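Participant: got a predicted model here, sequence first, then my questions.
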Amino acid sequence: MAAKLSKQDLEGPDAFQSTIELISDYISENKKRFYSIVTAIIMATVIATGIYMYWNHYQYSAKEMYARANDNLVQNIENPENANKNIKLFQELVEKYPHSWSARMAHYHLGNIYYNLGEFDKAITDYKKFVSSRISDKAGIKFFALTSIGYSYEAKKDYKEALEYFEKALKSNNAGFESVAYSNIARIYELMNDKKNALESYKKALETASDTSKAVFIKYKISSLS
């Protein structure tokens, strides 16, 4: 048997209806403020959507351009005559999409191209631009960029700067390349006539060496310095 409703229950306002009436009353009393809030929300949504779509298009266009430049680089890697064309493609990418992931990677490739051309100052500039970007660690090649800066300074016979960047490379994510890092450091100490530190670094290089031929060479260096 259903419970009887009291007179108060029958005459009492429905909760949902009461809420609607309160909202309607608020809107009626504050029309200007209400429409301003709604307009602001709509505008914010439109702007956010526009930014999202623009950024996606920006990154996608940059990746397409990067793919074309990279393909040209791979296909002509043994042809020095195409170096200028490759430089132009990557520089255009950097200029057109400076805030993209692809542009930051372009600096790394430019560094390699300039290094192979013997233009070490330009190579250093682009390598440093790549290293300073937030993607360098994520890309997994920060160790190689830092090492390449070291090689560039070594080629310029600036051994102090070369040592600094080889040490930075050693401190970066260098899994599997510890022996290379220590060997580079040892070689620079040797060039600086610091036999004590060179010997110590070669010993560390030997401890981490996984390549047999590399280990034989390091043993020879240790023997000659001892």
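Facilitator: Okay, I see it.
Participant: worst-scoring helix or strand of this structure, pLDDT-wise?
Facilitator: The least trusted helix or strand in the chain, going by mean pLDDT, DSSP states H and E, turns out to be helix 7-11, with a mean of 49.
Participant: my guess is Gly150 meets Ala162, correct?
Facilitator: Yes - using C-beta atoms under 8 Å, Gly150 is in contact with Ala162, at 4.7 Å. In short, each C-beta sits where N, CA and C put it, glycine included.
Participant: quick one, which of those two is more surrounded?
Facilitator: Gly150 (29 against 24; other C-beta atoms under 10 Å).
Participant: now do the SS call for that one.
Facilitator: Per DSSP: H, G, I helix; E, B strand; the rest coil, the secondary structure class of Gly150 is helix.
Participant: now do Arg134, the pLDDT please.
Facilitator: With respect to pLDDT, Arg134 scores 70.
Participant: please apply the same query to Lys142.
Facilitator: pLDDT, Lys142: 89.
Participant: right, and it touches Ser132 too?
Facilitator: No - applying C-beta under 8 Å, one finds Lys142 not in contact with Ser132, separated by 10.4 Å.
Participant: ok, back up a step: now for Gly150 and Ala162: what residues contact both?
Facilitator: Here Gly150 and Ala162 share the contacting residues Ile188, scored by C-beta atoms under 8 Å, 6 or more residues apart in numbering.
Participant: count of neighbours near Glu207?
Facilitator: Neighbours around Glu207, by other C-beta under 10 Å: 12.
Participant: if you count neighbours, what's buried in the helix or strand containing it?
Facilitator: Take DSSP states H and E as the rule and Glu207 turns out to sit in helix 195-208. Judged by neighbour count using 16 or more other C-beta atoms under 10 Å, the buried positions of helix 195-208 are Ala198, Leu199, Glu200, Ser201, Tyr202, Lys203, Lys204, Ala205, Leu206, Thr208.
Participant: and if you look at stretch 207-223?
Facilitator: Within stretch 207-223, judged by 16+ other C-beta under 10 Å, the buried ones are Thr208, Ala209, Ala215, Phe217, Ile218, Lys221, Ile222.
Participant: and the residues you listed, which is the shakiest by pLDDT?
Facilitator: Within the buried residues of stretch 207-223, the minimum per-residue pLDDT falls on Ala209 (82).
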